[in-house]
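> got a sequence here, can you model it:
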Amino acid sequence: MIDTSEKNFEEAIETYLLANGYHKSTSNNYDKTLCLIPDDVINFLIATQPKEWQKFQTQYGTDAKQKLLKRLADVIQKQGTLEVLRNGIKTNGCRFQLAYFCPVSGLNEETQKLYQANFFSVIRQFYYSEKTPDKSIDLGLFLNGIPIFTAELKNPFKGQTVENAVTQYRTTRNPREPVLSFGVCLSHFAVDPDTVYMTTHLQGTKTEFLPFNQGYNNGAGNPPKLFSPRLDGEGSGVRSYFSTAYLWENIWNKNSILDLVQNFITLVEEDNQGRKTGNKSLLFPRYHQLDTVRRLIKDAKAKGSGQKYLIQHSAGSGKSNTIAWLSHQLACLHDSKDNRIFDSIIIITDRRILDRQLQRTVKQFQQVDGVVENIDKTSRQLKEALENGKNIIVTTLQKFPRIVDQIQQLSGQHFAVIIDEAHSSQSGESSKYLKSVLNVSSLEAAAQEEENIENDLEDRITEEARKRGNLLNLSYFAFTATPKAKTLELFGIKQPNGEYVPFSLYSMRQAIEEGFILDVLQNYTTYQTYFNLIKTAETDPHFDRSQATRLLRNFVELHQHTINKKVAIIVEHFKDTVAHQLNGKAKAMIVTPSRLHAVRYKLALDQYLRENSYPYQSLVAFTDTVKDGGSDFTETGMNTASAQTSIPETATAETFNQDPYKFLIVANKFQTGFNQPLLVAMYVDKRLGGVNAVQTLSRLNRTYLNKNSTIVLDFANDAGTIQSAFEVYYDRTALATETDPNLLYDIQYQLENFELYTDTEVDNFARIYYDPKATQDQLHAILVPVIDRYQATTEEEQFTFRNQLKDFVRLYGFISQLLSIPDGELEKLYEFSRHLARKLPISSQRLPIEVQQNIAFFTYSIQPTHIGRIPLTQGIRELDPIVSAGISQLPIEELEPLSQILQQLNQQFGTNFTEDERVFIQQIETKLDQHEALKASLQVNSSENVRLTFNTIINDLMQDLIESNFQFYRQFNDNKTFAQYLSDMLFQRYLEKTTQNSDRQIS
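From the prediction side, this is the model:
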């Protein structure tokens, strides 16, 4: 009968280790006071450093062993095992190495001999304590007599799982025991046949264990090993079917442990702000981090420079640490001929808020001073760092522009460019400078799918990011949580079926299931806006239906009543549902669709907080200056005014950390790359989709003590749109097929058919453009006849040509990289087209702004439409390849009477008032306007007291008008919800009209 005990599980692990280079030891060999296996330590020193040992022994004679062991134990207790294994110890003029690592270059016979002399041993039932000698840990692993790992094992066949092992460490393993104190062992593992957890710091019941699993189907856990005829393992005949066998077969492999000690395990002494806290922590890589870095290093060593790698790691993946580990190992990477593969490693981040954090993370991983150069002041720093051969350079795209011309001579060197957030890091206005210096490709040129402001940015990116090509002296390592189609095609791995997939994947689903981020769709409420507009003009003017509808919607969303209504919902929801969370530290973000919306939200929110005496403060974040109502508003000005203390724009994020500030109102700022774990709620009043939806809502997903869920109230999107956006990046993302390079030739043919330019003109333009001695006026002169021909065409032809020209420019920067042979003809047309596109005159189509002057609000309400979780399904999500926008048609103007436009809009968004009911409500409003007692009450009382008078008057008026519309009166009298809605609407409208009349009288 098979032994299904925990003892058998323990024996299976030990058997594998012994068959693969470990030596069996027992607790009798272990010194509980010194926390060492003395014989292993001394034997290692004698075998590897006989001269130094002889020198030491000459001083102490028969006491040499005890003196050395005591000194080693003291240094370990003071400095930690990691420091001792890496740098050895000094004692009485002698220096001893306690481990030998695989050299990064020049592996000769002597270094190989020393490396192989490392002595690994395992103790089963490791009795570690002097005070409680009956207590044992299932496994203890030692390197050269020094403890490095412990492991508690559990077997579900006996009713215990990894959770019991975690509990055992937390409750029965005293962290005051010398071997269990911080820094002595490098990690403690809780293991069962299916799952692994680990910690580097035992702290009793407060001990934090992290999952250390491979992931299964892009989620948490480990892939099961199905039964099949047994295959021999490496150097053994005992390969295991346990799902966690990777731990002892791979991670605890001798070479792996030495690599972990040399290159991964890190002592951290600073917080995220770079401050010395006095608290130390050991950072041990999570499984996906270790696996990713090792595979990247192996591939780069085998293939050299000139490669592209896409790493799709979700938020919560520990991306900054992965980048730090990768950069340090790339900086030391040598090929088989002992040549450095990369001269410099350049880490680029577009997230200025996190730039300093990333710099600090990379810098504190260095083991030798001067390896990392933080470029955070001037562009000259970067030039000097490259010229002086700095190994690792951390910088941002914003610091590149001034050095383009200065480092052209560096093109013969080899670079590794690590990009933090691939699609955003290459989509700033400075991206052209990075391409000029390193001649690298755009990651996301022309891939912005935002609203108008983002579309303008897309045009600039496409125009600027034109330097491209696969260079043999440069490798890309692009990190992103949300790769777009172009990112996948440029940096992904092409599969036999034509798909493009990332080199490494750590999915959003796995991060959520492992508890590193929260599911932001768990508590999601969407709202529908309902409104009725009425025509105030006596005439019935005609407007273009499409443009007028857009302006009318904008009128509704920017109307003060709309913003006041939403602000009331937001603040009351925060007060009742959010404010008490995280011991009163919870915060919220309000996402607005424009800078003007942000300004008005800030004003309305602060006013509402003052009127209700709520103890909250708000901050606003937007760029530049916004003009509204004759006033200029800036982020700094608004925040300083409301806080009554200076808050410069650069301090907004840091100020938001302070306790009084509960609301952060944003407009195209802080929606990406902003890390604030105290964010619990988000109030969305902006249309979101695709990557933008994922990035924006993911501001909520950071974990924090006792933060178990998040809350979203969404006024602008439906649940289906958000679900579709998240499902692309929830599990696994792939590109269905590659882009067809012939798209460019198709568009070129269509452009030529317009006969607005000749080949000679394109050639002449290119000849002048690439001639450094030519002058700019010559380019303008060549384009003049082209523009004349363009203006002679019809408006529809101009519209189609202009859009085709933009389509060519948009696609060229990306598709040209797919051409196996560079096409000089297309290159010339590209430069010609992008300059021509800027000069083409556009017939201005004036928006019918006056439409907003001929209408007024009649009713407005907001009702929830979805409350609860938005579920996400598992499985691969394929993105479509890049395509041409196609031949555009000039929009046909559809003129309709304003009354008809309003009728259609009210039918779509309005409440179900009949025409008779509208007349009835207008009669009530007229009587309210004429009510002198109500006017008098408003002049001397607060709005709360006026409301009491108003409610009495409304009831009286309804009684007076009962005969004219009995059905309406009955609905008001019997339906309390409807009565409250109507009273609120009429009171708000009365206050607005009275205030407006008062303002006009004053002016």
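> how near is the residue nearest to P224 when sequence neighbours are not counted to T167?
Using C-beta to C-beta, 6 or more residues apart in numbering and skipping residues adjacent in sequence, the residue nearest P224 is S243, 5.5 Å away. From N, CA and C alone the C-beta is placed, and that goes for glycine too. S243 sits 21 Å away from T167, taking C-beta to C-beta, to the nearest Å as the criterion.
> tell me which of the two has more neighbours.
S243 (20 against 16; other C-beta atoms under 10 Å).
> and the more buried one, what element?
Per DSSP states H and E: S243 is located in neither a helix nor a strand.
> follow-up on the earlier one: for the residue nearest to P224, give its distance to E249.
12 Å.
> per-domain residue ranges of this protein.
6-268, 285-506, 524-735, 913-1002 (automatic domain parsing).
> just the terminal-to-terminal distance for the second one.
Taking C-alpha to C-alpha, to the nearest Å, the span from the opening residue of domain 285-506 to its closing residue is 14 Å.
> what are the ranges of the helices in the stretch 451-600 of the chain?
For the stretch 451-600 of the chain, the helices defined by DSSP state H, counting those that start in this stretch occupy 452-464, 485-491, 508-513, 545-558, 560-573, 581-584, 595-611.
> in the fifth one, what counts as buried?
For helix 560-573, the neighbour count (16 or more other C-beta atoms under 10 Å) marks 561-567, 569-571, 573 as buried.
> grab the nearest non-local neighbour of F189.
Nearest one to F189, counting by C-beta to C-beta, 6+ apart, is A151 at 4.3 Å.
> secondary structure class for the one you found?
Under the three-state scheme (DSSP: H, G, I helix; E, B strand; the rest coil), A151 adopts strand.
> for it, which residues make a bridge with it?
Counting by DSSP bridges, A151 is bridged to L139, F189.
> check it and give its pLDDT.
We have a pLDDT of 98 for A151.
> what does the one 10 residues further on give?
Reading off the per-residue confidence, T161 sits at a pLDDT of 94.
> and for L902?
The model's pLDDT for L902 equals 54.
> with D974 instead?
pLDDT, D974: 70.
> residues touching the residue nearest to L45 when sequence neighbours are not counted, list them.
In space, L45 comes closest to W53 once its chain neighbours are excluded; the distance is 5.2 Å by C-beta to C-beta, 6+ apart. Residues near W53 by C-beta atoms under 8 Å, 6 or more residues apart in numbering: 45-46, 64, 96.
> buried subset of those?
Buried among the contacts of W53 by 16+ other C-beta under 10 Å: 45, 64, 96.
> quickly note the distance from the first one to T26.
Plainly put, L45 is 22 Å away from T26 if you go by C-beta to C-beta.
> same check, this time on the second one
The gap separating A64 from T26 is 25 Å, by C-beta to C-beta.
> got the phi/psi numbers for the residue nearest to P841 when sequence neighbours are not counted?
Take P841 and drop its neighbours on the chain: the residue closest to it by C-beta to C-beta, 6+ apart is Q791, 6.8 Å away. Q791 adopts backbone torsions of phi -70, psi -20, taken as degrees, to the nearest 10.
> wait, Q791 sits on F801?
No - using C-beta atoms under 8 Å, Q791 is not in contact with F801, being 11.3 Å away.
> between these two, which one's more packed in?
F801 (20 against 11).
> check which helix or strand covers the more buried one.
Assigned by DSSP H and E, F801 falls in helix 795-815.
> packing partners of that helix?
Packing contacts for helix 795-815, counted by 3 or more C-beta pairs under 8 Å, 6 or more residues apart in numbering; DSSP states H and E, involve helix 452-464, helix 743-752, helix 776-791, helix 824-839.
> buried stuff in that helix?
Buried residues in helix 795-815, counted by 16+ other C-beta under 10 Å: 798-815.
> tilt between it and helix 776-791?
Interaxial angle, helix 795-815 versus helix 776-791 (axes from the mean of the first three to the mean of the last three C-alpha atoms, to 10 degrees): 130 degrees.
> chain center to helix 795-815, what's the gap?
The chain centre lies 32 Å from the centre of helix 795-815; the measure is C-alpha atoms, centre = their mean, to the nearest Å.
> related to what we said a few turns ago, lowest-confidence stretch among the helices and strands packed on helix 795-815?
Minimum mean pLDDT among the helices and strands packed on helix 795-815: helix 452-464, a mean of 34.
> now the host helix or strand of the residue nearest to L45: buried residues?
Taking DSSP H and E as the criterion, W53 maps to helix 50-60. By neighbour count with 16+ other C-beta under 10 Å, helix 50-60 contains the buried residues 52-53, 56-57.
> just to revisit the earlier point, give me the lowest-pLDDT entry from the contacts of W53.
The minimum pLDDT among those falls on A64, with 93.
> got the end-to-end distance for stretch 578-598?
OK, stretch 578-598 end separation, C-alpha to C-alpha: 22 Å.
> quick one: it to chain centroid distance?
On C-alpha atoms, centre = their mean, the centre of stretch 578-598 falls 19 Å from the chain's centre.
> for stretch 181-199, same thing?
On C-alpha atoms, centre = their mean, the centre of stretch 181-199 falls 29 Å from that of its chain.
> could you do stretch 643-650 as well?
For stretch 643-650, the distance to the chain centre is 27 Å (C-alpha atoms, centre = their mean).
> doesn't G498 make contact with E489?
No - the criterion here is C-beta under 8 Å, and E489 misses it with G498 at 10.9 Å.
> could you measure from Y309 over to K486?
In terms of C-beta to C-beta, Y309 sits 16 Å off from K486.
> make that H780, sorry
Distance from H780 to K486, by C-beta to C-beta: 33 Å.
> please say which of the two ends up with more neighbours.
Per other C-beta under 10 Å, whichever of H780 and K486 has more neighbours is K486, with 27 against 12.
> how close does that one get to I512?
Using C-beta to C-beta, one obtains 27 Å as the distance from K486 to I512.
> I953 too?
I953 is 54 Å from I512, by C-beta to C-beta.
> likewise F968?
51 Å.
> ditto for K662
26 Å.
> among those two, which residue is more densely surrounded?
K662 (26 against 23).
> surely that one meets K575?
No - contact between K662 and K575 fails when scored by C-beta under 8 Å: they sit 9.6 Å apart.
> report the mean confidence score over the helix or strand where L310 lies.
Secondary structure assignment for L310, by DSSP H and E: strand 308-313. In this model, strand 308-313 has a mean pLDDT of 92.
> following element in sequence after it, please.
That would be, after strand 308-313 and using DSSP H and E, helix 319-331.
> quick check: angle from that following helix to strand 308-313?
150 degrees.
> same for whatever helix or strand V620 lives in, what does it pack against?
Assigned by DSSP H and E, V620 falls within strand 617-621. Packing contacts for strand 617-621, counted by 3+ C-beta pairs under 8 Å, 6+ apart, involve helix 595-611, helix 635-643, helix 652-656, strand 661-666.
> and the longest one, what's buried?
Applying a neighbour-count criterion of 16+ other C-beta under 10 Å, one finds 595-606, 608-609 buried in helix 595-611.
> mind giving me the packing neighbours of it?
helix 545-558, helix 560-573, strand 617-621, strand 625-628, helix 635-643, strand 661-666.
> and what of the second one?
Taking 3+ C-beta pairs under 8 Å, 6+ apart as contact, the helices and strands that helix 635-643 lies on are helix 595-611, strand 617-621, helix 652-656.
> low pLDDT regions in the stretch 301-450 of the chain?
350-383, 386-389, 396-411, 422-450 (pLDDT under 70).
> can we see that at 90?
The model of the stretch 301-450 of the chain has pLDDT under 90 over residues 305-306, 308, 315, 320, 324, 328, 331-332, 334-340, 343-450.
> element containing R989, please.
helix 976-1002.
> oh sorry, the question was meant for A681
Per DSSP H and E: strand 679-684 holds A681.
> picking that back up, format the contacts of W53 as CSV; extra columns: distance to L619 and secondary structure.
Shown next, in CSV, are the contacts of W53 (distance: C-beta to C-beta, whole Å; DSSP: H, G, I helix; E, B strand; the rest coil):
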residue, distance to L619, secondary structure
L45, 60, helix
I46, 65, helix
A64, 66, helix
F96, 56, strand
